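Trainee: Got a predicted structure here, sequence first:
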Amino acid sequence: MNVILLGYPGSGKGTQAKVLAKQFGLFHVSTGDIFREELAKKTPLGREVAGYLSAGRLVPDKLVLEVLKNRLGTETRGLLFDGFPRTVEQAEGLDAWFDSRGMAVDAVIFINVPEAEVAKRLGDRRTCSGCGRIYNVGTQPPAKADVCDACGKPLVTREDDKPGVIIRRLQVYRDQTEPLLAYYRAAGNFYEANGGLDPESVAASIAGMLKGK
Ligand code: AP5
Ligand code: MG
């Protein structure tokens, strides 16, 4: 089963992907996480994408597709995409690549959350510098301030969760990613989840959509 999670920055794609990947035995593919890892390791790819991430702009489609094909070339598990595709060009690239490998997109889940709510969530997000676990100082705080419950490493604020960059990312989503909703609605296997519920309820509703796929 290959699944795509779509939604605004801050809609809960990463939060849900971690739960669903475990539950359904899928390989969680977050292009944002891949780029942040490369940045942290100061690789040539990391240096190439740094400016896009810190400005809240999209990495060029050709580069994104190339990175994914390299990373996923030998993966045999079902894929759970989080933050990819991000443009119609990326979706077409994925379709062509899947066709060439006899694969298909089995479900596209749009996690629907109002823009005012996602902006607040992004400002309140903290991420573990060790294991990547996602927190929220308002709604999902750690037991001890600024320390990960799971691995004890410090929590950090993402570079692109600064107010000015958040505004840019929301604009980029409206301009470049929202057109994907029509693309995938037309393709079929399109589902919409109410992402405004608590994370456990969102996960249960998405799991219901994926059962039997
Ligand atoms: P990426 O890392 O993909 O970021 P994003 O899409 O902007 O999404 P986020 O990770 O910010 O949000 P999320 O939906 O995962 O929400 P989360 O679960 O964390 O991309 C970053 C950058 O990389 C891009 O700007 C671009 O530069 C580049 N990039 C990546 N992919 C690319 C691509 N394909 N093409 C081109 N460029 C690309 O939750 C957010 C907060 O809300 C957390 O605090 C969480 O605790 C809280 N929360 C989650 N669910 C709930 C809930 N149900 N109720 C209350 N709070 C909740
Ligand atoms: Mg994310």
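Mentor: Perfect, I can see it now. Ligands and ions are numbered 1, 2, ... in the order given.
Trainee: in the chain, which spans are helices?
Mentor: Along the chain, counting by DSSP state H, helices occupy 13-24, 31-40, 44-55, 61-72, 88-100, 115-124, 163-172, 179-187, 199-210.
Trainee: would a markdown table of those helices with mean neighbour count, mean pLDDT and distance to Cys131 be doable?
Mentor: To be clear about C-beta, it is placed using only N, CA and C from the backbone, and glycine gets the same treatment. A markdown table is the format used below for those (neighbours: other Cβ atoms under 10 Å; pLDDT from 0 to 100; distance: least, Cβ to Cβ, whole Å):
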| stretch | mean neighbour count | mean pLDDT | distance to Cys131 |
| --- | --- | --- | --- |
| helix 13-24 | 19 | 97 | 10 |
| helix 31-40 | 18 | 96 | 12 |
| helix 44-55 | 15 | 98 | 20 |
| helix 61-72 | 16 | 96 | 20 |
| helix 88-100 | 16 | 97 | 28 |
| helix 115-124 | 17 | 96 | 19 |
| helix 163-172 | 16 | 97 | 24 |
| helix 179-187 | 14 | 97 | 30 |
| helix 199-210 | 16 | 98 | 17 |
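Trainee: mind checking which of these is nearest ligand 1?
Mentor: helix 31-40 (1.8 Å; Cβ to the nearest ligand atom).
Trainee: Tell me the helices and strands packed up against the closest one.
Mentor: With contacts taken as 3 or more Cβ pairs under 8 Å, 6 or more residues apart in numbering; DSSP states H and E, helix 31-40 sits against helix 44-55, helix 61-72, strand 79-82.
Trainee: and this protein, which residues reach ligand 1?
Mentor: Neighbours of ligand 1 within the chain, by Cβ under 6 Å from any ligand atom: 7, 9-15, 31-32, 35, 52-53, 56-59, 64, 83-84, 86, 90, 121-122, 124-125, 134-136, 139-140, 160, 169, 195, 198-199, 202.
Trainee: do that again at 5 Å, thanks
Mentor: Residues of the chain lying close to ligand 1 (Cβ under 5 Å from any ligand atom) are 9-15, 31-32, 52-53, 58-59, 64, 83-84, 86, 121, 125, 134, 136, 139-140, 199, 202.
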